[in-house]
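Asks: Need a 3D model of the following:
(2 chains)
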Amino acid sequence: MSTTSELVAPPAPTGWKRALGKARSNPTTAVGVVICLLIMAAAIFAPWLAPYDPAEQDIFNRLQPPSAEFWLGTDQFGRDILSRLMWGGQISLTVSLGAIFAAAIIGGAIGLVSGYIGGKFDLFVMQVMDVLLSFPSLILGLIVVALLGPELVNLVVAIALTAVAPFARVARAPTMALKERAFVEAGRALGFSHTRVLFRHILPNILSEVMVMGTLWLATAVRVEASLSFIGLGVKPPTATWGGMTRDGFENILDAPWLAVFPGIAILLLVLGLNMVGDGLRDATDPKLRNE
Amino acid sequence: MALFPLPRFAGEGWGGGSAMTGFVIRRLLAAVPTLIAVLTLVFIIVRIVPGDPALVILGDQATPEAIAALRTRLGLDRSLWAQYFSFITSALMGDFGVSMVTGRSITAEVAAVLPHTLDLTIASMIFGVVVGVPVGIWAALNRNGVVDVAARVLSLLGLSFPVFVSGIFLLLAFSLHWRWFPVIGGADLADYGDRLHKLVLPTVALGLIMAAYITRVTRSAMLASLGEDYIRTARAKGVPWRRVVWVHGLRNASIPIVTVVGLYVGILLGNSVLTEIVFNRPGLGKIIVGALNQRDYTMLQGLMVIYCFLIVVVNLITDLLYGVIDPRVKAE
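Replies: Reported below is the predicted structural model:
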């Protein structure tokens, strides 16, 4: 028995707005947002804010400890660590955002279509996703980058591949529930095409869940990118990457421990900030916790 | 071996007779298609790479004869289907091929170092459970109290540590500053004391994320479990609170905990690569990095297959544990 209110598509933005409002009042989320915004600002404005050229070598100032002149010290080529960290943040953020954006679109579309069509097709698609999910993301990313070559685009592809399956799952479950609702049936009865129902009526309702998932996976993507760079599969030197800087610093750990410590702290802070934001958003959108 | 004593009821547990045997056989059979699917994916991933592997291996300077010879040796001159079937059948029989660089069998190379990686993975898993479960229970019992907030903050921090960063920090503090632990991690497998001593820092570094996840999952699963009617019934019957929590509460909370442990063993295996680099330990990670540097593609493919085997085995064990913990799963 469907009532009139059920015939209307639930107003999706309200849920999302309410979640944002709830997340804003959570101190953890607020701190996370501040951390993320500061790191993003430092990376975006690196060309203007960075005190030195990140690639400029200075043999008279090799392995300098942190000082007033070089706030975070210099590396074995005399390059300023702070400047390299700010520029390196661009790589971390570009790769991670690109990968998660791609994974959310591809995985989301797979989950949406698979859940909507259902039946054997859905079963097959989800089994493929389960197989993909059974690979440890670092190993999968590592092999894909090793085969394709360590380029920025390939890193995005590799990390996106590791995150497609979770997005497919997250988009599929609510789609399956929504397609049984009266407003979908009403849309079809009015003669709307499947595509229109799928993208205009169902998609807006699952967007918030996909976005929360995106924030949480962004933290994983940052970690995987840094790990790949640390192994030596990141964007090639002399481009600064946080993982690559940690690796270079690790080789000089006895003489200059700060070389590995500062990039390590940068990665930790960004992942922590993203996790804080993701946690807050998830708690705010989780129906089980909504009324707490 | 159970870390915590689980209450046993008549007709269940390891010695539960035919029901358990049937359950084990069903699960074992179900793992075969998964394995084939995973192997197929490995095959596809390795094949969709643009370019001729033989050309990539030998470089631009190679003569056409040399390339043709290598293609024959790698079996690349056969049809895709023939390659696929020989890949699947030999992998299922435990033959993962030979290294292109050393010419040695991949199985032998892996078997030589696998104990080191398994040591590390299992130790980290135990560390995660031993730290995560009690802390999670403690936090659940003090909901919104000081312990709970502290556990939440620390687990968030633990989740955010990339393994190589926590490894480097631990190394700096405990090996280079205080000199409690050695910097070089390769141990003599026969010397158990040495093996354990060299395992401590890598285990903490790798197990940190696991401990953080288990803390969270235990907390929320215990909160759900402790709110159930059977807890109130047990309390009303006069069962001591400690027993209610550790036996009645934890047993019912253990399905999500076991799920997370099972899922994260895969992640531990992946992250062990980084731990092995930082602590200079022998293991699969070292082989992977060596294969990457030498562009040893057959070795990479073999390693990927071996990782998949390990993951499928872990999933199988997780499934079997469900049956032990929850009799309803077995009866399905």
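Asks: so A:Arg188 makes contact with A:Val197?
Replies: Yes. Applying CB atoms under 8 Å, one finds A:Arg188 in contact with A:Val197, separated by 6.2 Å. For glycine as for every other residue, the C-beta is placed from the backbone atoms N, C-alpha and C.
Asks: Between the two, which is the more surrounded one?
Replies: Remark: of A:Arg188 and A:Val197, A:Val197 carries more neighbours, 22 against 15, as counted by other CB atoms under 10 Å in any protein chain shown.
Asks: Surely that one is in contact with A:Ala186?
Replies: No. Checked against CB under 8 Å, the pair A:Val197 and A:Ala186 is beyond contact range at 9.7 Å.
Asks: got the contact list for A:Leu140?
Replies: Contact analysis of A:Leu140 by CB atoms under 8 Å, 6 or more residues apart in numbering or on different chains lists A:Leu132, A:Ala158, A:Leu161, A:Thr162.
Asks: Lowest pLDDT pick from those?
Replies: Note: of these, the lowest pLDDT belongs to A:Leu132, at 81.
Asks: Next, the contact list for it, please.
Replies: A:Leu140, A:Leu161, A:Val164, A:Ala165, B:Leu41.
Asks: Over to B:Val265?
Replies: B:Thr121, B:Met125, B:Ile311, B:Val314.
Asks: Now with 7 Å, please.
Replies: The contact partners of B:Val265, by CB atoms under 7 Å, 6 or more residues apart in numbering or on different chains, come to B:Thr121, B:Met125, B:Val314.
Asks: is chain A contacted by stretch B:108-128?
Replies: No. Using CB under 7 Å from any CB of the partner chain, stretch B:108-128 stays clear of chain A, coming no nearer than 10.9 Å.
Asks: Return that stretch as CSV; C-alpha atoms alone will do.
Replies: Extracted as CSV, the C-alpha positions of stretch B:108-128 are listed here (Å, rounded to 0.1, in the frame of the first residue of the first chain):
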residue,chain,number,x,y,z
ALA,B,108,61.3,-22.4,-4.0
GLU,B,109,62.3,-18.7,-3.7
VAL,B,110,59.1,-17.9,-1.9
ALA,B,111,59.2,-20.9,0.4
ALA,B,112,62.7,-19.8,1.6
VAL,B,113,61.4,-16.5,3.0
LEU,B,114,57.7,-17.1,3.6
PRO,B,115,58.3,-18.1,7.3
HIS,B,116,59.7,-14.6,8.0
THR,B,117,56.6,-12.9,6.4
LEU,B,118,54.2,-15.3,8.1
ASP,B,119,56.0,-14.7,11.5
LEU,B,120,55.4,-11.0,11.1
THR,B,121,51.8,-11.2,9.8
ILE,B,122,50.7,-13.6,12.5
ALA,B,123,52.5,-11.8,15.3
SER,B,124,50.9,-8.5,14.1
MET,B,125,47.5,-10.1,14.0
ILE,B,126,47.9,-11.5,17.6
PHE,B,127,49.2,-8.0,18.7
GLY,B,128,46.1,-6.4,17.1
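Asks: If I follow the layout properly, A:Asp122 ends up in contact with A:Ser114?
Replies: Yes. Applying CB atoms under 7 Å, one finds A:Asp122 in contact with A:Ser114, separated by 4.7 Å.
Asks: Looking at these two, which one has more neighbours?
Replies: It is A:Ser114, of A:Asp122 and A:Ser114, that has more neighbours when counted by other CB under 10 Å, with 24 against 18.
Asks: Identify the residue nearest that one in space, chain neighbours excluded?
Replies: Distances taken as CB to CB, 6 or more residues apart in numbering or on different chains place A:Val125 nearest to A:Ser114, at 4.2 Å, with adjacent residues excluded.
Asks: Now do that neighbour against B:Lys198, distance only.
Replies: Separation of A:Val125 from B:Lys198 (CB to CB, to the nearest Å) stands at 45 Å.
Asks: Please say which of these two ends up with more neighbours.
Replies: More crowded of A:Val125 and B:Lys198, by other CB under 10 Å: B:Lys198, with 23 against 18.
Asks: need the residues of chain A near chain B, please.
Replies: A:127, A:131-132, A:134, A:136-139, A:142-144, A:146-148, A:219, A:223, A:226-227, A:230-231, A:246, A:250, A:257, A:260, A:264, A:267-268, A:271-272, A:275-276, A:279.
Asks: Narrow the residues you listed to those that are buried.
Replies: A:131-132, A:134, A:136-139, A:142-144, A:146-148, A:219, A:223, A:226-227, A:230-231, A:246, A:250, A:257, A:260, A:264, A:267-268, A:271-272, A:275-276, A:279 (16 or more other CB atoms under 10 Å in any protein chain shown).
Asks: Checking the residue positioned nearest the centre of chain B next. Helix, strand or coil?
Replies: Against the mean C-alpha coordinate of chain B, by CA atoms, centre = their mean, the closest residue is B:Val265 at 2.5 Å. Three-state assignment for B:Val265 (DSSP: H, G, I helix; E, B strand; the rest coil): helix.
Asks: Just the C-alphas of stretch A:89-102, formatted as CSV.
Replies: Listed next in CSV are the C-alpha coordinates belonging to stretch A:89-102 (Å, rounded to 0.1, in the frame of the first residue of the first chain):
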residue,chain,number,x,y,z
GLY,A,89,51.5,17.9,-1.1
GLN,A,90,50.2,18.8,-4.6
ILE,A,91,51.2,15.3,-5.9
SER,A,92,49.6,13.5,-2.9
LEU,A,93,46.4,15.5,-3.2
THR,A,94,46.2,15.3,-7.0
VAL,A,95,46.8,11.6,-7.2
SER,A,96,44.4,10.8,-4.3
LEU,A,97,41.6,13.1,-5.3
GLY,A,98,41.9,11.9,-8.9
ALA,A,99,41.9,8.3,-8.0
ILE,A,100,38.9,8.6,-5.6
PHE,A,101,37.0,10.7,-8.0
ALA,A,102,37.5,8.1,-10.8
